[in-house]
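Student: below is the structure, and that's it, no one-letter string:
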């Protein structure tokens, strides 16, 4: 599951995470595993999205906010049946508490980026993970970003 958090000011929240298999630290949208089911229902997906958002970023969906399901994609359909579910969370706001990611996640920092900064990071290959690229593509296709 991948969450694209956006503040009321239109800034995108990304985490910078160490990815041991490729020996790199990457900027990514927050993401996580859905517990308990191969075919999770929408309630489970929403709960997981909100949990991952808070744990990895220290942000939460504002009271007037909306968590929008944007569909799913297969991360490596030639090798696995892993399904990634995509969400847009807006607006989000800081919880007032630090992020509390699982120790195994190796999140180094969290940052806010304008749309133009995010676009440039993708164009310049700073952002290299499939989840963030897929969510950005879906947001673009659905005309949910400038």
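Tutor: Right, received. Where do you want to start? The structure displayed is predicted, hence computed values, not measured ones. Numbering: from 1, shown residues only.

Student: quick one: average pLDDT of the longest strand along the chain?
Tutor: In the chain, taking DSSP state E as the definition, the longest strand is strand 59-74. The pLDDT scores in strand 59-74 average 96.

Student: so, low pLDDT: which residues of the chain?
Tutor: Low-confidence segments of the chain (pLDDT under 70): 36-37, 98-105.

Student: all helices for the chain, in order.
Tutor: 42-57, 115-123, 130-141 (DSSP state H).

Student: now those as JSON lines including distance to residue 11?
Tutor: Bear in mind the C-beta positions are built from the backbone N, C-alpha and C, glycine included. Formatted as JSON lines, these follow (distance: least, CB to CB, whole Å):
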{"stretch": "helix 42-57", "distance to residue 11": "12"}
{"stretch": "helix 115-123", "distance to residue 11": "8"}
{"stretch": "helix 130-141", "distance to residue 11": "14"}
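
Student: residue 108 is nearest to which of these?
Tutor: With distances scored as CB to CB, the stretch of the helices of the chain nearest to residue 108 is helix 42-57 (11.4 Å).

Student: so the closest one versus strand 59-74, what angle?
Tutor: Taking axes from the mean of the first three to the mean of the last three CA atoms, to 10 degrees, one finds helix 42-57 and strand 59-74 inclined to each other by 120 degrees.
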